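K.L.:
got a predicted structure here, sequence first:
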Amino acid sequence: MQYPDYKPTLESPPLTDEELGALDELLTGLPVGQAMNIEQLDGYLTALLLAPKPVATLAGADWLPAIWGGDGDGDAADFPFASGKQKKRVIVLLLRHLHALDRQIHHAPDRWEPVFSVAETDDGDELADAEDWCIGFLQATTLDPEGWGALFDDPILGPLLLPVGLLGGDDGQLEPADAERLADPAHRDALSRSLPDTVLALAQRARTVR
């Protein structure tokens, strides 16, 4: 299938809450285990927009199929979707979400907020958990490991990116002390709430190098 490329200059309306929910249902309802949920998708698209090689310079085929777990090796042209119509609807919705993120992060950061889980405790407090968001973010970094590696090693940006690696990385690679801290919902909440600063710092870097 010929996939569309992302064109930042093409105007499109942001998704409503109902459309975000519908996109989440469409992706998580696919008959594959690798499709992203809406939190993973939001982190994935955010990283693509902040990458050393921004998504506007990539072909759609380079990054779109990963969202639904790949196109597979079968003969069905629309796999894993039930029809070409369903596949097109998903692509249209996620391109609109990508465009909205692009406009917010780079032009109206006060209107941007990430999509990740927030649970209410018995005491009425809210605890954020951005694990899925960070998993999606890290998946996008695999498209340019050298470029992102330099950012993770950067003396300023590296510490800001550390929560992404802790929350979204392989649990088996964690130091015992980090694994123990991550078992505490309050610590996960603090790491999750630091992510907007990470994104805005990366956006600032992008504005200075382009």
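P.N.:
Happy to help now that I have it.
K.L.:
CA-only coordinates of the least confident helix or strand in the chain by mean pLDDT in CSV, if you can.
P.N.:
One helix or strand of the chain scores below all others by mean pLDDT, DSSP states H and E: strand 117-120, with a mean of 89. Extracted C-alpha coordinates of strand 117-120, given in CSV (Å, rounded to 0.1, in the frame of the first residue of the first chain):
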residue,chain,number,x,y,z
SER,A,117,-3.0,7.2,32.5
VAL,A,118,-4.1,9.0,35.6
ALA,A,119,-5.6,7.0,38.4
GLU,A,120,-7.4,8.3,41.5
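K.L.:
give me the contacts around it.
P.N.:
For strand 117-120, contacts defined as Cβ atoms under 8 Å, 6 or more residues apart in numbering pick out 39, 126-132, 185. Quick note: C-beta positions are derived from backbone N, CA and C, even for glycine.
K.L.:
give me the subset of the residues you listed lying in helices.
P.N.:
Using DSSP state H, the subset of the contacts of strand 117-120 located in helices is 39, 131-132, 185.
K.L.:
torsion angles phi and psi at the residue of the chain most remote from its centre?
P.N.:
Taking Cα atoms, centre = their mean, the residue of the chain most remote from its mean C-alpha position is residue 123, at 30.4 Å. Dihedral pair for residue 123: phi -90, psi 0, per degrees, to the nearest 10.
K.L.:
just to revisit the earlier point, among the contacts of strand 117-120, which one sits closest to residue 206?
P.N.:
Taking Cβ to Cβ as the measure, residue 206 lies nearest residue 130 of the contacts of strand 117-120, at 20.7 Å.
K.L.:
which non-adjacent residue is nearest residue 39?
P.N.:
Counting by Cβ to Cβ, 6 or more residues apart in numbering, residue 39 lies nearest to residue 132, which is 3.9 Å off, once chain neighbours are set aside.
K.L.:
mind naming the longest helix for the chain?
P.N.:
Under DSSP H, the chain gives helix 84-107 as its longest helix.
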